[in-house]
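**Student:** Sequence and predicted structure, then a few things I'm wondering about:
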Amino acid sequence: MPDKDLEFYKNEDQFKQLIDRLRSREVNVKLGGGHKKIDEQHQKGKLTARERIDYLLDKGSPFIEVGLFAADGMYEEYGGCPAAGVVTGIGYICGKLCAVAANDATVKAGAWFPMTAKKNLRIQEIAMENRLPIVYLVDSAGVFLPMQDEIFPDKEHFGRQFRNNARMSSMGIVQIAAIMGSCVAGGAYLPIMSDEAMIVDKTGSIFLAGSYLVKAAIGEVIDNETLGGATTHCEISGVTDNKFPNDQACLDYIRSLFDKMGHTDKAGFDRVTPKLPQADSKELYGLLPADRVKQYDTHEIIRRLVDNSEFDEYKALYGKTLVCGTARIDGWAIGIIANQRMVVKTKKGEMQMGGVIYSDAADKAARFIMNCNQRRIPLLFLQDVSGFMVGSKAEHGGIIKDGAKMVNAMANSTVPKFTVIIGNSYGAGNYAMCGKAYDPRLIVAWPTAQIAVMSGASAAKTLLQIKVNALKAKGKELSREEEEGMLREIIERYNDQLSPYYAAARLWVDAVIDPLQTREWISVGIAAANQAPVEKFNVGVIQT
């Protein structure tokens, strides 16, 4: 890389400020319902959701948390719902990789909001795609009734998780559940549709209707412990398999189950002894320009992510708006497709690459994706994309056809795909570079990411023109000052929606991460994907 200059240090300073904000937001979200609610859990003899996961997982092993910022800034009229009231992620138990979902009873007693259901479905999807065992640590008051119409009846709502329970069972995916607090109404089916269900004595309870509803419905007077406590379900109904005196004993038993669990067939992705990048990964903070108009060389980003900073580029002199090639991350072989945003020399002179995909680049990427599928190499997409090239020259050159080739190859890829949004993620570029709609096994964003149909400036001008024309149609003319004020208001609102936290709140991305966490996310992601055999690649119809 060139010598560090003033621009590098300015970029680094701004990026570190973004990282500080990320850390601060993470700390606040991880408090869940706050210190008072955490103390209440402890007074009941219960661990919190995060303490349960920490106890359950292998000490010192990686844990990637999926959906930490889910519901961030949402449901404020109800006091908010940090992390959507459930902690989910991928980690190791007795050396075996698994998915975990733990209700956070410090947040509205673990009640299910719409985003809670979406987040739970996401971790189930990850378990199904990667054939990972899944552990449910249940402690929930059930559906949040004021929002029942947004969580109960639709296809991707609350009931979908029970359908997934059944589907995973038929796929041979191990599901283990621990009832460590309330488990009521429809939510009672989740642990009981698992392969093994255990319950903590005196704090765990499970029933279709609690004592108050039973009295209202049929007039029977009974307490919750007798109705559906550990003794009832382990000694009378047989609904649960074993009871335990406290959370720790219950979690120890889950670990003993994993300790004896057999191994499954692997996909066979290649891994060698990992090596750190030779180029300093911390320099990522200074390489990415704070000003999105300025250029940088994607090769320098890649060198700080891959083992030994070694990257074997594919068609390096062709289709330069996309960089394609193979490398290793934490020992795992991987194919990388990255947008290029810099000025390069061509036969016809200089060409500025503002993250735009040209025909030749799309054609190159399609061929590279097919090669990686043939060789069983997972794919990593590094997004900083403004979209596909437009204009008469691009259209006459067949940009739609070549873009369709790339999208077809990417969508039909059967090797696992991973996406990291490092800068812009606009329009059709988001799709072609494996956006959320194209089933990446994991998709994360750096704090510098922006996700939208188009940039804030372009969108604001378009939206302003629509509003101005609508007012003119009603016979109202705006002054220059009024137009400028309206434009500022539109830009501010649109920029809020561009934020990676806005995307993470809605689970368009699984996490907002420090760039230095990228290698760990990809490594754990490939390790998870390696648990599921790969289907044969069939690209479908591609025009030439």
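**Tutor:** Received the coordinates, thanks. Numbers count the residues shown, from 1 in each chain.
**Student:** Flag the helix or strand of this protein with the lowest per-element mean pLDDT.
**Tutor:** strand 349-352 (a mean of 56; mean pLDDT, DSSP states H and E).
**Student:** Which SSE is immediately downstream of that one?
**Tutor:** The element immediately downstream of strand 349-352 (helix or strand, assigned by DSSP states H and E) is strand 356-357.
**Student:** strand partners of that next one, parallel vs antiparallel please.
**Tutor:** strand 387-388 (parallel) (DSSP bridges).
**Student:** Please compute how far the strand it pairs with lies from its chain's middle.
**Tutor:** 24 Å (CA atoms, centre = their mean, to the nearest Å).
**Student:** Next secondary structure after that strand?
**Tutor:** Next element after strand 387-388 (DSSP H and E): helix 392-396.
**Student:** which residues sit against that following helix?
**Tutor:** With contacts defined as CB atoms under 8 Å, 6 or more residues apart in numbering, helix 392-396 is touched by 358-359, 388. The C-beta positions use only the backbone N, C-alpha and C, and glycine is treated the same way.
**Student:** Kindly indicate which of these lies nearest residue 214.
**Tutor:** Ranked by distance to residue 214 (CB to CB), those are led by residue 388 at 60.3 Å.
**Student:** Does that closest one touch residue 401 like I think?
**Tutor:** No. At 11.2 Å, residue 388 does not count as touching residue 401 under the criterion of CB atoms under 8 Å.
**Student:** Flag whichever of the contacts of helix 392-396 scores worst on pLDDT.
**Tutor:** Within these, the minimum per-residue pLDDT falls on residue 388 (80).
**Student:** wait, what's in contact with that residue?
**Tutor:** By CB under 8 Å, 6+ apart, residue 388 lies in contact with 356-358, 362, 394, 399, 403, 427-429, 432.
**Student:** can the residues you listed go into TSV with extra columns for neighbour count and distance to residue 169?
**Tutor:** Written out in TSV, the entries for the contacts of residue 388 read as follows (neighbours: other CB atoms under 10 Å; distance: CB to CB, whole Å):
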residue	neighbour count	distance to residue 169
356	22	47
357	28	42
358	22	48
362	27	41
394	18	50
399	19	46
403	26	41
427	17	40
428	16	39
429	21	39
432	30	36
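**Student:** List just the nearest of these to residue 438.
**Tutor:** Nearest member of the contacts of residue 388 to residue 438, counting by CB to CB, is residue 432, at 8.8 Å.
**Student:** Looking at the contacts of residue 388, which is nearest residue 514?
**Tutor:** Once CB to CB is applied, the member of the contacts of residue 388 that ends up nearest residue 514 is residue 429, at 24.1 Å.
**Student:** who touches that closest one in this structure?
**Tutor:** Contact partners of residue 429, counting by CB under 8 Å, 6+ apart, are 339, 355-357, 383, 385-388.
**Student:** With residue 147 instead?
**Tutor:** Residue 147 touches 75, 78, 113-114, counting by CB under 8 Å, 6+ apart.
**Student:** Between those, which sits nearest residue 40?
**Tutor:** Closest to residue 40, out of all of those and judged by CB to CB, is residue 78, at 19.0 Å.
**Student:** In the stretch 351-500 of the chain, where is pLDDT below threshold?
**Tutor:** 351-354, 396, 454-460 (pLDDT under 70).
**Student:** what are the ranges of the strands in it?
**Tutor:** Along the stretch 351-500 of the chain, the stretches classed as strands by DSSP state E, counting those that start in this stretch are 356-357, 379-385, 387-388, 417-426, 442-445, 450-452.
**Student:** right, and the pair among the contacts of residue 429 with maximum separation?
**Tutor:** Longest span within the contacts of residue 429, CB to CB: 383 and 388, 13.6 Å.
**Student:** Are we agreed that residue 190 is in a helix?
**Tutor:** Yes. According to DSSP: H, G, I helix; E, B strand; the rest coil, residue 190 belongs to a helix.
**Student:** Run a quick neighbour tally on it.
**Tutor:** Applying other CB atoms under 10 Å, we find 24 residues neighbouring residue 190.
**Student:** how about it, what does it touch?
**Tutor:** Per CB under 8 Å, 6+ apart, neighbours of residue 190: 136, 138, 161-162, 165, 177, 183.
**Student:** quick one: which of the residues you listed sit in helices?
**Tutor:** Mapping the contacts of residue 190 onto helices (DSSP state H) picks out 161-162, 165.
**Student:** could those go into JSON lines alongside pLDDT?
**Tutor:** Below are those laid out as JSON lines (pLDDT from 0 to 100):
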{"residue": "161", "pLDDT": "91"}
{"residue": "162", "pLDDT": "90"}
{"residue": "165", "pLDDT": "94"}
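**Student:** What distance do you get for residue 383 to residue 199?
**Tutor:** Using CB to CB, to the nearest Å, residue 383 is found at 45 Å from residue 199.
**Student:** what do you get for residue 492?
**Tutor:** Separation of residue 492 from residue 199 (CB to CB): 50 Å.
**Student:** With residue 373 instead?
**Tutor:** Applying CB to CB to residue 373 and residue 199 gives a distance of 45 Å.
**Student:** Which one of these two is surrounded by more residues?
**Tutor:** Between residue 373 and residue 199, counting by other CB under 10 Å, residue 199 is the more crowded of the two (30 against 22).
**Student:** Tell me the confidence at that one?
**Tutor:** 96.
**Student:** tell me which element it falls in.
**Tutor:** Per DSSP H and E: strand 196-200 holds residue 199.
**Student:** what's that strand packed up against?
**Tutor:** strand 175-184, strand 242-244, helix 247-259 (3 or more CB pairs under 8 Å, 6 or more residues apart in numbering; DSSP states H and E).
**Student:** what does the shortest one contact?
**Tutor:** Meaning strand 242-244. By CB under 8 Å, 6+ apart, strand 242-244 touches 198-201, 204, 230-231, 233-234, 250, 253.
**Student:** Give the partner strands of it in its sheet and their orientations.
**Tutor:** strand 196-200 (parallel).
**Student:** continuing past the partner strand, what's the next helix or strand?
**Tutor:** Heading C-terminal from strand 196-200 (DSSP H and E), you reach strand 205-207.
**Student:** Mind listing what's buried along the helix or strand following that next one?
**Tutor:** Counting by DSSP H and E, the next helix or strand C-terminal to strand 205-207 is helix 211-218. For helix 211-218, the neighbour count (16 or more other CB atoms under 10 Å) marks 211, 214 as buried.
**Student:** What backbone torsions are found at residue 68?
**Tutor:** phi -60, psi -40 (degrees, to the nearest 10).
**Student:** With residue 104 as the reference, measure out to it.
**Tutor:** 12 Å.
**Student:** Give the residues shared as contacts by these two.
**Tutor:** With CB under 8 Å, 6+ apart as the test, residue 68 and residue 104 both reach residue 83.
**Student:** of those two, who's got more company?
**Tutor:** The neighbour comparison of residue 68 against residue 104 (other CB under 10 Å) goes to residue 104, with 29 against 23.
**Student:** Contact partners for the more buried one?
**Tutor:** Per CB under 8 Å, 6+ apart, neighbours of residue 104: 32-33, 48-50, 82-83, 85-87, 110, 139.
**Student:** Go ahead and confirm residue 434 touches residue 425.
**Tutor:** No. Using CB under 8 Å, residue 434 makes no contact with residue 425, being 10.4 Å away.
**Student:** any low-confidence regions in the chain?
**Tutor:** 1-3, 186, 343-354, 396, 454-460, 539-544.
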